[in-house]
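J.: here's my sequence, what's the structure:
(chains A, B, C and D)
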Protein chains: 2
Amino acid sequence: MKGEETREKILETALELFREHGYAETSMREIAAKAGVATGLAYYYFQSKDAIVLAFYDRANRDLGPLLEAAQKGKKLDARLQALVEAKLRYFAPNRNFLGALMGHAANPSSPLSPFGEPSRAIRETEFAHFQRALDETGTRIADDLKPHMAKILWMYQMGLILFWMYDGSKNQTRTDQLLQSSLRMVVALIKLGNLPLMKPARKAILELVEILEN
Amino acid sequence: MKGEETREKILETALELFREHGYAETSMREIAAKAGVATGLAYYYFQSKDAIVLAFYDRANRDLGPLLEAAQKGKKLDARLQALVEAKLRYFAPNRNFLGALMGHAANPSSPLSPFGEPSRAIRETEFAHFQRALDETGTRIADDLKPHMAKILWMYQMGLILFWMYDGSKNQTRTDQLLQSSLRMVVALIKLGNLPLMKPARKAILELVEILEN
DNA sequence: GTCTATATCGGGATAGAC
DNA sequence: GTCTATCCCGATATAGAC
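T.: Residues are numbered from 1 along each chain as shown, chains lettered A, B, ... in the order given. Just a heads-up that it's a prediction; the model follows:
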């Protein structure tokens, strides 16, 4: 067993243990032992425990490509957005428990595990693109001033939903489903409303916020 | 009363080191050493490193009492809200660096350090009360359906601002100031707008969200 | 009740030999 | 590429001094 195979074996074992016992509760020693390698070797392939998570993000991003592709079929914006979010939640569902622990780092953009940080930039960009595509292909009309930011706004909305889902203690995360339904209606309604000329001041306010948030 | 002094000494030293080197980078051994006590004693007074942070929250809450009191002077809602938020930011400013590291736990309500968790419930409640008071004393009119939730909504808004501030890399956190200005105007405008009868459906949507979020 | 000293455990991470 | 040994950390436990 060499190189890439060993790496894969370690990653696979680590994720298994994360799912079973949680992230913090799983030690590198355990991972190495169960994978049948020395502790040092695990560190040879992954600089840190965090790095294992980044590898997981990376794989998730690759796997999600076709799934999100398939979600881009609806004719209407709300259907697309719902499909995009649901595809993601479905994919991550088996890992929901340990992902929650990781999202603890979400708020800190300088944490390597934060979805807002540098290491996950590439992943984030492909996600923006999916939202952009949903907007474009459904012919959603958006006022010129807001247009360049709308995909990012939707992405942030999605992150909020995912965050909620991770800590949703309700059975089968039914509360997340409710939230998705209600909030989605609101979001789509707001996008439509936002086009009215009389909403210009509101758009300006939102724009101001978005620009401050983006640096 | 020798005990209380030692406790204070350890807490003070810990916060100093947290400010200087960050939370994760400071060890209990260091804290004890610099405080001139045995490691075991630090654990005698604080069950864990986290417990030191909780003690800090606690003291902050006591200290903030009079400061927030003083902020409740404005005649208008926006002035009050701004004063409340600014008082808090001012108080926490010296600890901004290490607080950022702690907020990493913010998203996880089951973390003992999360501002949304059980251990900080008491603190949270007094904060709600301050927002409620600002609403009451400025005679802010709020539709009956939203009324019971408005203080909590404002509290969440404030937490968002604090979160932004903690990771605001701009000089003197000027971007936070901007964000406070722009967002505050929006919030107040929305509260006023929300009273219009034609906003009933919007209120209902918000209410739905708040109720799902509150369990 | 307050405090020191020390031993011990399992954790993340590293160095260096093979 | 792989392993063994080691380091420092947070945390726990304990024995004993005042």
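J.: contacts, neighbours, all on C-alpha from now
T.: Noted.
J.: and the residue nearest to the spatial centre of chain A, what element?
T.: In chain A, the residue lying closest to the centroid (Cα atoms, centre = their mean) is A:Met159, at 6.0 Å. For A:Met159, the enclosing helix or strand under DSSP states H and E is helix A:150-166.
J.: check A:Lys34 too.
T.: A:Lys34 belongs to helix A:28-35, assigned by DSSP H and E.
J.: could I get the buried residue list for that helix?
T.: Buried residues in helix A:28-35, counting neighbours by 16 or more other Cα atoms under 10 Å in any protein chain shown, are found at A:Met28, A:Ile31, A:Ala32, A:Ala35.
J.: from A:Met166, how far out is the first one?
T.: Applying Cα to Cα, to the nearest Å, the value for A:Met28 to A:Met166 is 24 Å.
J.: try the second one
T.: When distances are taken as Cα to Cα, A:Ile31 and A:Met166 turn out to be 24 Å apart.
J.: what's the answer for the last one, then?
T.: The span separating A:Ala35 from A:Met166 equals 28 Å under the rule Cα to Cα.
J.: wondering if the lowest-mean-pLDDT helix or strand in chain A reaches DNA strand C at all.
T.: The helix or strand of chain A with the lowest confidence, counting by mean pLDDT, DSSP states H and E, is helix A:96-103 at a mean of 86. No. Applying Cα under 7 Å from any atom of the strand, one finds helix A:96-103 out of contact with DNA strand C, separated by at least 13.1 Å.
J.: touching chain B at all, that helix?
T.: Yes. Part of helix A:96-103 sits near chain B under the criterion Cα under 8 Å from any Cα of the partner chain, namely A:Gly100, A:Ala101, A:Met103.
J.: ok, these vs DNA strand D, which is closest?
T.: Ranked by distance to DNA strand D (Cα to the nearest atom of the strand), the residues of helix A:96-103 next to chain B are led by A:Ala101 at 16.5 Å.
J.: returning to what we had before: heading C-terminal from the helix holding A:Met159, find the next helix or strand.
T.: Remark: after helix A:150-166, the chain's next helix or strand is helix A:174-193, criterion DSSP H and E.
J.: tell me the mean pLDDT for that next one?
T.: For helix A:174-193, mean pLDDT is 94.
J.: so it versus helix A:150-166, what angle?
T.: Between the axes of helix A:174-193 and helix A:150-166, defined by axes from the mean of the first three to the mean of the last three Cα atoms, to 10 degrees, the angle is 160 degrees.
J.: taking chain A, what residue is nearest to DNA strand D?
T.: A:Gly3 (3.4 Å).
J.: and that residue, how close does it get to A:Arg29?
T.: 20 Å.
J.: so, low pLDDT: which residues of chain A?
T.: A:1, A:215 (pLDDT under 70).
J.: can you tell me which residues in it are near DNA strand C?
T.: Counting by Cα under 7 Å from any atom of the strand, chain A sits next to DNA strand C at A:24-30, A:39-40, A:43, A:47-50.
J.: could you look up the SS state of the nearest residue to A:Ser110 once chain neighbours are set aside?
T.: Spatial nearest neighbour of A:Ser110, excluding adjacent residues (Cα to Cα, 6 or more residues apart in numbering or on different chains): A:Gly117 at 5.8 Å. Using DSSP: H, G, I helix; E, B strand; the rest coil, the secondary structure recorded for A:Gly117 is coil.
J.: residues of the helix holding A:Met159 that come out buried?
T.: Here helix A:150-166 shows A:150-152, A:154-155, A:158-159, A:161-166 as buried, counting by 16+ other Cα under 10 Å.
J.: dihedrals phi and psi, whichever residue of chain A sits closest to DNA strand C?
T.: Nearest to DNA strand C, among the residues of chain A, is A:Ser27, at 3.0 Å (Cα to the nearest atom of the strand). As for A:Ser27, its main-chain torsions (degrees, to the nearest 10) stand at phi -100, psi 160.
J.: mind checking what helix or strand follows the helix holding A:Lys34 in sequence?
T.: Next along the chain after helix A:28-35, taking DSSP H and E as the criterion, comes helix A:39-45.
J.: and that following helix, which residues are buried?
T.: The neighbour-count check on helix A:39-45 (16+ other Cα under 10 Å) flags A:Thr39, A:Ala42, A:Tyr45 as buried.
J.: try stretch A:55-73
T.: A:Phe56, A:Tyr57, A:Asn61, A:Leu64, A:Leu67, A:Leu68, A:Ala71, A:Gln72.
J.: need those in TSV (columns: secondary structure and distance to chain B).
T.: Listed next are the buried residues of stretch A:55-73 as TSV, based on DSSP: H, G, I helix; E, B strand; the rest coil; distance: Cα to the nearest Cα, whole Å:
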residue	secondary structure	distance to chain B
A:Phe56	helix	20
A:Tyr57	helix	19
A:Asn61	helix	22
A:Leu64	helix	24
A:Leu67	helix	27
A:Leu68	helix	26
A:Ala71	helix	25
A:Gln72	coil	26
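J.: farthest-apart pair in those, please.
T.: Greatest spatial distance among the buried residues of stretch A:55-73 (Cα to Cα): A:Phe56 and A:Gln72, at 23.9 Å.
J.: before we move on, the earlier item: packing partners of the helix holding A:Met159?
T.: Contact partners of helix A:150-166 among helices and strands, from 3 or more Cα pairs under 8 Å, 6 or more residues apart in numbering or on different chains; DSSP states H and E: helix A:96-103, helix A:121-137, helix A:174-193.
J.: identify the residues contacting that helix?
T.: Residues from elsewhere that reach helix A:150-166 (Cα atoms under 8 Å, 6 or more residues apart in numbering or on different chains): A:85, A:89, A:96-97, A:99-100, A:103, A:127-129, A:131-132, A:135, A:173, A:176, A:179-180, B:107.
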